[in-house]
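**Student:** Let me see the structure of the following:
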Amino acid sequence: MHSAKFRYLSILDELRYLPTVYLSDHALHDSIKDSLESIVKSSSKVLLHRMCSIYGLSENELLTNYDLFERSLYRILGKAGQPIIGRIKADMLRYAVMNGSEITATDILDPKLTVSYVLKDIQDTETFAFVRNVPSCQHIAFLYTNEFAKNKILSEFFHPQLAEDPEAPSLGLISIKTPKNLSADLFNISYDKLLNETSKDRAKKRLDAWIDHVHSFNKSQRLPTRIAEEDATLWLKNGFSPDEDLQLEKMFSSHTCDTNMSILCAFDISKIAESDINSLMKSIISAHDCVILDEPPAVYTRATRSIRDKKKNHHSN
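**Tutor:** Presented below is the predicted three-dimensional model:
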């Protein structure tokens, strides 16, 4: 599956989806640079140049790719690089704790705790915050191989705080099975109910009507209605052709474009044969505004969408 994930990254790159630049990327960049200047002092620029040349990276690329930075640092300085790593670790632990990390005091005191672990925890926290705060008009694909990761992302998408808000939006889940303990605030329809329709066209119309029904309960419209699919590969596993599946995705996109709504489509990519990845997933990925990967969580946004959103924010200011 690692090779499959690499191919997904290649597809995202080919389709011009860009990784989200998190605030922690800037924090890591500044921490590494400050640590080098503080400990190595006047030799820091020469050291940085040598480190960049090892992997043919720019300074910015090296300072935001911690694993390559650490590898090149130890390659040049050996154990003499440990004080630099220690300072970076302290900076990033401070950043993690101040930004809602679940790292505990016991973790902090553990000498085996690595900078890479801290950075992964920060990236997890920031990705979950992105999912929790998804704005209106977003059609998102979540590509997962891990059930725990899927449940965590869905939990963040249907964040508990939404239910406590008197003006909370309506929420809907297209599920593999009807949940045993279904929240009163969550509308549900199973794939079985949709796939048991007499034709694919009727299944699509029933799903379209169900989405409209869920949205009709969003009385305040202050926050977008949220709809999620638990495993969108089930359409393909149950007779839908790639073209028919793409029509479903286009229907979802029309809802997010025309109404105050965001839709998250989860795909269990472990069920897709590697031989089908290129032919099948390019069109599906391109039907979404954002793509989230698991292990580690990362968010990719279509380049044209990023530019459009920046212009929108600029004009609104």
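
**Student:** Scan the helices and strands of the protein for the one with the lowest mean pLDDT.
**Tutor:** helix 303-316 (a mean of 50; mean pLDDT, DSSP states H and E).

**Student:** how's this structure carved up into domains?
**Tutor:** Taking automatic domain parsing as the reference, the chain has its domains at 21-127, 135-316.

**Student:** worst average pLDDT in the ones you listed?
**Tutor:** Mean pLDDT values for the domains of the chain show the minimum at domain 135-316, a mean of 85.

**Student:** Adding distance to residue 13 and mean neighbour count as columns, could you present the domains of the chain in CSV?
**Tutor:** Any C-beta I mention is one placed from the backbone N, CA and C, and that applies to glycine too. Shown next, in CSV, are the domains of the chain (distance: least, Cβ to Cβ, whole Å; neighbours: other Cβ atoms under 10 Å):
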stretch, distance to residue 13, mean neighbour count
domain 21-127, 15, 16
domain 135-316, 9, 17
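
**Student:** residue with max distance from the center of the chain?
**Tutor:** Going by Cα atoms, centre = their mean, the residue of the chain most distant from its centre is residue 42, 39.5 Å out.

**Student:** Make sure I have this right: that residue is in a helix.
**Tutor:** Yes. The assignment for residue 42 is a helix, going by DSSP: H, G, I helix; E, B strand; the rest coil.

**Student:** how close does residue 117 get to residue 66?
**Tutor:** Separation of residue 117 from residue 66 (Cβ to Cβ, to the nearest Å): 11 Å.

**Student:** Over to residue 90?
**Tutor:** 14 Å.

**Student:** Also residue 54?
**Tutor:** Between residue 54 and residue 66 the distance is 15 Å, computed by Cβ to Cβ.

**Student:** ditto for residue 155
**Tutor:** Counting by Cβ to Cβ - residue 155 and residue 66 are separated by 28 Å.

**Student:** And for residue 166?
**Tutor:** Separation of residue 166 from residue 66 (Cβ to Cβ): 43 Å.

**Student:** before we move on, what about residue 240?
**Tutor:** 42 Å.

**Student:** And the residue farthest from the centre of the chain, how far from residue 36?
**Tutor:** 11 Å.

**Student:** And for residue 132?
**Tutor:** In this view, residue 132 and residue 36 are 35 Å apart by Cβ to Cβ.

**Student:** List the contacts of the nearest residue to residue 213 once chain neighbours are set aside.
**Tutor:** The shortest distance from residue 213 to any non-neighbouring residue, by Cβ to Cβ, 6 or more residues apart in numbering, is to residue 187 (7.4 Å). By Cβ atoms under 8 Å, 6 or more residues apart in numbering, the contact list for residue 187 reads 170, 171, 172, 173, 210, 213, 214, 217.

**Student:** and residue 187, helix, strand or coil?
**Tutor:** strand.

**Student:** Can we start the residue count at 50 from this point?
**Tutor:** Taking 50 as the first residue, the last one we looked at is residue 236.

**Student:** partners of it in the sheet?
**Tutor:** Counting by DSSP bridges, residue 236 is bridged to residue 221.

**Student:** My guess is residue 60 contacts residue 327. True?
**Tutor:** Yes. Here residue 60 reaches residue 327: they are 7.0 Å apart, a contact under Cβ atoms under 8 Å.

**Student:** Residue 341 falls within a helix, correct?
**Tutor:** No. Under three-state DSSP, residue 341 falls outside any helix and is assigned strand.

**Student:** OK, contacts around it?
**Tutor:** Applying Cβ under 8 Å, 6+ apart, the residues contacting residue 341 are 176, 179, 180, 189, 190, 191, 192, 202, 347, 348, 349.

**Student:** Narrow these to those in helices?
**Tutor:** The helices, defined by DSSP state H, take in 176, 179, 180, 202 from the contacts of residue 341.

**Student:** For the third one, give its distance to residue 106.
**Tutor:** In this structure, residue 180 and residue 106 are 30 Å apart, going by Cβ to Cβ.
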